[in-house]
Every structure is written in C-alpha cells, then in structure tokens.
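1. Sequence plus the predicted model coming up.
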Amino acid sequence: MNRFNFPDLGIGVGLRTVHYGHILGSQPDVDWFEALSENYMDTGGRPRYVLEKIAEQYPIVLHGVSLSIGGTDPLDFDYLCKLKSLARTVNARWISDHLCWTGVSGRNVHDLLPMPYNAESLRHTAERVRVVSDYLETPLVVENPSSYVEFATSTMTEWDFLASLAEESDCGLLLDVNNIYVSSFNHSFDPNVYVDAIPADRVVQVHLAGHQNHGTHIIDTHNDFVIEEVWKLYGRACARTGDVSTLLEWDADIPDFPTVHAEAKKAEAFREAEVAYAAV
Amino acid sequence: MPLSDLALAPLQEWMQAVVTHPSDVYEAAESVELAVDDVILPSQTLQPIQRIGIYHGMYMLRMIEALTVDYAAVAQFLGEHAFEHLVREYVQQFPSRSYTFNRLGDSLPEYIASSTWKRKTFLSDLAKLELAMTQVFEEEEAEALPADAIASIAPEEVADARIIPIPALRLLALDYDANEAFQAFRDETPMKPRRQKSWLAVHRRDYSVYRMPLTREAYVFLECLAARQTIGSAIETFQARFRRFPEQAELFTWFRDWSAAGLFTAIEVG
C-alpha cells in the first residue's frame, strides 16, 4: 500500500471513445477506468454523459496531459477549477498528470515536453506540485514521461529528480514502466536502476503500453501490445510496490475492447508472481 | 551565454520556438539564437538536431491530425497535401492557446475566408458547417420542450413570450450549399461546390448532431428567437425584412417542426 492510502484498484483500461458502445452495452468485467481529463472538462455532450454513466459503475481515475506542471507560465486556475469539478462529479480516486511542460507564452504545443533535470527545475516544479495539490485538495500523482532529448543543463538523472520531487512536494507517483523502457533505450541507461531507485511507497499507479522501435530510437506511440522487456520491468516494479493499481494505455490503432482488456489482464500473472516472490 | 546560465524559462521558450517552427527542423534551428548542439546532448545513435527533430515532426502531425478530425470534409475536399499546407499556415497565425484541442480549429473558417486560397468562400462555408457541428456536439445538454408546449401558451401571452433555444443550436447563413457538399462527403461521393445561398440549423438531440435546412424566412424568424426576442418582436423583425407578416400556416409549421426537433428548452412569458 502506498503512503497516501490510495487503494489498489486492480487492473484497469484507459477509456477511449471507440469503446464507449461496448462498455455501455456489455458492462465488461474491468476493475477500473482511467479517463483523459481534458476530453471531459469542457463538454456537455456525449463524452461527458458517457463518462458519468461509466463512473456510476466503475472507479474512475483522471489523467491529464495539459497541466504543464513543469512549465514556466503561471498555473492555469481556470483549468484547475474545471479539473476539480470534474473529479468531484465522477468521484475520481486520484488525479494524475505528467512531469513535463506543454507550452509557454500562452501557447499549448499539446506534447509532453521534457524537463532539464537540475536544482532550478526541481525547485520550480516542486513548488507548483504543492500548489496544485493544495488547490485540488488531494496529492497530485505525477507520471514519469518518455523523452527523446537530454539537456546539457541537466545535472541529475530522471529517477533522482523524480524521487526528489516526490519527497519535496509530497506527491504520489504514476510509474509508467513503458516510458522508463522507452527513455532507457533513447538515453542508454539501465531501466532496472530507474525502477529500483523510485520510492516504492509513493507509487500509486503503474502504466503499461506498447511503443514503436525505429532502431535508432523508440517513440512512445501506445499503438501495440506490451513487449516482454516492459512486462519484466513491470514485474520488478510490483516486487517493490506490492499490489498496485495498474492500467494499460492504447491510443492509436486501437483494437476492439476485449483485445485491449485481455492485454491488460496479462498484468495479473506478473503481479501475483512478483508479489509472491517478494514475500518469500 | 554559458549553458549554466540557461534558466528554465528561456530554455522552454527556445525549445518551443524550434518545435513549432513551420519549416523543417534545420531551418528551425537556424532561426533561434542558441545552437542546438549547445542545448541538447547527442545520444549513441542520434545527433542533437535529430533528437529535437522528433518533437518538431510530431508537433505538426498532431496539429494536422486534430484539425482533420474537426474538419474532415474540408480535408477531403482539399486533399492531403493542400490540407497540410493549410494547417501549417493556420497554426502559425492561430496556435493552440487552450488546454484542449477542441478550441484549436475555432478560427479556421475566418482564416480561410480572409486567405487567398482558391474556392475560399466554399471552403469557409464548409468549415463553418463543420465548426458548428463540433460546437453543437460539445454543448451543454438541455431538456427539450414537449412538442405541445408552445401551443399551450395563452393567446394573450404569445406576443410577449420568449422561446428559449437549447444551447446545442447553431444557425448558419451560407453563400454555398455546404450542407449538400457535406452530405456528399458523408455518402462518400464527390463534393461539388454549388454557389447557392443556403440556411441551416445545426442542432443536437439525444447526443446526436443533426443538420436541418431552413428557408430564408424560417432562418430569419428562428434567428430572432435564438437572439431572445419575443415572438411579437420576431414577427416585427420578419415584417421589416420581408415586407409581410409570417402567415399563420408558416408559423404553425415552423413551431411544429422545431419543437419536434427539440430546438427549444423553455418558454419565458411576461
């Protein structure tokens, strides 16, 4: 159990538009859903209706892509107000976003842009996480991103930065083991070192996904099955965290819901095996 | 500037300028003061310019993908290459300033109308229709009035009554028959721009979006109601515009059809 007492929700699936009909019609045996916050904050149409229907039957977690917690523009309190309202409406178990920035000077690039890992950006981001957590009245859960560049101004590793950020801002962590794998390939580090360095008691949730390997680099596309190396990393993470809410993301070339759900449920075997192993 | 002095804010400004530059990543790199090699480290397989090029390439792909969803008919009419060109121009002038992609295309119809693109009037009309459909899709849900509600207004109160439209209603007056073109797109047949004034109500019912062609007269009257004029005032506006009063049969048909379509949510009397 994490230090925030956020529950282990089991194995979840990212809520995607193409699956609305199946979920509402078949009510599949899924433990929980993660909804992309920005897709539901500003709409009174069908997406919001569907989310509220699903929230009546399944636990919901809100996952954002535009908070820009590492950005240097002022925090957007209009955004935070709508996020908080949505979280209350769907009884979100927690709210997560990425360790990244999404734009400056009032613009949104709509990408999870990487941070330089140094003392200045740590101080800046930790302060913003504290403000957001206070405003939302719940610890923000921060996800490690996948990245394709490293900055000359970085003075620490991503895992040291993330651990320090969690400590200084008292936030939860969403450990995306696919992102760790992608970044380890792109930046030539050992992903096991990353997993082992993360403060396990702050890990509230784990993400799994597929990616695209271009030989010279990997792009985090969420368009395929989870590869074996990522499953192994997941098992390693579970051995440290114990039972932890786990979610499969699939965002492009999305197959039918049973296929996505079946891929997510593979996590059960890794979870049980690794937790049992850790208990010996 | 020594790299140690490159603070977070200028680094983010620098990276955004490179990533969102409309040309290729090499021209983007030349357009900024700091050299890419001074800011980005190489990997074992990629040079710094190639690494930041990944973000640069993905930026425009995302813009094109998002606007293709909202403007599928415009994209199809223009074809892949021309639509990409349009998006590249558009996002330079109207970059996303919202946390949601839903607002990205808000200015596309006006951008096209003021551009030098061929067939810009037709394209702008088609874009107006697609934007209206997107807006209606996202609007707040409101319960529609029962079909007989308007008929139940007391005769002495009709002139001062306001019929309140649902939020998910947009009225369009177009120079081209964009609805016909859009239907062709839906039917997967060629879109043929036909220059003909047309009027349209785009609305939502039970979370589905509908397109209702209107006559010019019906459009004017419904526009008055949507602007919160009383029925009496709407009739006066109609009379001033067409030099006649709406016929009783016209009014009956309009209110019957519009009520059946769920265009109204409330009646305010007095």
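-> Yep, it's here. Numbering: from 1, shown residues only, chains lettered A, B, ... in the order given.
2. only C-alpha atoms for contact and neighbour calcs from this point on.
-> Fine.
3. Excluding sequence neighbours, find me the nearest residue to the residue of the stretch 1-150 of chain A with the smallest separation from chain B.
-> Ranked by CA to the nearest CA, the top residue of the stretch 1-150 of chain A for proximity to chain B is residue A:44, at 3.9 Å. Nearest non-adjacent residue to residue A:44, counting by CA to CA, 6 or more residues apart in numbering or on different chains: residue B:140, 3.9 Å away.
4. if we can go back for a sec, can you give me every residue that contacts the residue of the stretch 1-150 of chain A closest to chain B?
-> B:138-141 (CA atoms under 8 Å, 6 or more residues apart in numbering or on different chains).
5. now swap in residue B:60 and tell me
-> Counted by CA under 8 Å, 6+ apart, residue B:60 has contacts B:20, B:88.
6. Okay, and it sits in which element?
-> helix B:48-70 (DSSP states H and E).
7. Return the distance of that helix from the chain's centre.
-> 22 Å (CA atoms, centre = their mean, to the nearest Å).
8. any idea which helix or strand comes after that helix?
-> Toward the C-terminal end, the helix or strand that comes next after helix B:48-70 (DSSP H and E) is helix B:72-78.
9. tell me what that next one is packed against?
-> Helix B:72-78 sits against helix B:120-138, helix B:178-186, with contacts defined as 3 or more CA pairs under 8 Å, 6 or more residues apart in numbering or on different chains; DSSP states H and E.
10. where does the chain dip in pLDDT?
-> I went with chain A, as the question did not name one. Applying pLDDT under 70 to chain A flags residues A:273-280.
11. should've been chain B
-> In chain B, residues with pLDDT under 70: B:1-5.
12. Up against chain A, what does it have?
-> Residues of chain B lying near chain A by CA under 8 Å from any CA of the partner chain: B:3-4, B:6-9, B:12-13, B:16, B:20, B:38-46, B:48, B:51-52, B:54-55, B:59, B:62, B:95-101, B:137-141, B:207.
13. And those residues, which of them are buried?
-> Buried by 16 or more other CA atoms under 10 Å in any protein chain shown: B:8, B:12, B:16, B:20, B:39-43, B:46, B:48, B:51-52, B:54-55, B:59, B:95-101, B:137-141, B:207, out of these.
14. Helices of chain A, residue ranges please.
-> A:20-26, A:46-55, A:77-89, A:119-136, A:158-169, A:177-187, A:191-197, A:228-241, A:257-279 (DSSP state H).
15. Contacts for the second one, please.
-> Which is helix A:46-55. Contacts of helix A:46-55 (CA under 8 Å, 6+ apart): A:17, A:20, A:23-24, A:35, A:39-41, A:89-91, B:137-138, B:207.
16. mind running it again at 7 Å?
-> Helix A:46-55 has contacts (CA atoms under 7 Å, 6 or more residues apart in numbering or on different chains) with A:40, A:90, B:207.
17. Next: stretch B:176-187.
-> Contacts for stretch B:176-187 (CA under 7 Å, 6+ apart): B:73, B:122, B:125-126, B:190-198.
18. ranking those residues by neighbours, who comes first?
-> Neighbours here mean other CA atoms under 10 Å in any protein chain shown. Within those, the largest count is held by residue B:126, at 26 neighbours.
19. Which residue comes closest to it once chain neighbours are left out?
-> residue B:178 (5.1 Å).
20. Can you give me every residue that contacts residue 199?
-> I went with chain A, as the question did not name one. Neighbours of residue A:199 in contact, by CA under 7 Å, 6+ apart: residue A:163.
21. my question was about chain B
-> Per CA under 7 Å, 6+ apart, neighbours of residue B:199: B:172-174, B:213-216, B:219.
22. Need the buried ones from these selected in PyMOL.
-> Command for PyMOL that selects the buried part of the contacts of residue B:199, burial taken from 16+ other CA under 10 Å:
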select buried, chain B and resi 172+173+174+213+214+219
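23. So for stretch A:212-221, what gets flagged as buried?
-> A:217-221.
24. Stretch A:69-82 too?
-> Per 16+ other CA under 10 Å, stretch A:69-82 contains these buried residues: A:69-73, A:75, A:79-80, A:82.
25. and those residues, which two are the farthest apart?
-> A:72 and A:82 (20.8 Å; CA to CA).
26. distance between stretch A:133-141 and the chain's centre?
-> 16 Å.
27. follow-up on the earlier one: near the residue nearest to residue B:126, how many other residues are there?
-> Residues lying near residue B:178 (other CA under 10 Å) number 29.
28. beta partners for residue B:162?
-> residue B:268 (DSSP bridges).
29. And the one 10 residues further on, by the same measure?
-> Counting by DSSP bridges, residue B:172 forms beta bridges with residue B:200.
30. dump the residue contacts of it.
-> B:199-201.
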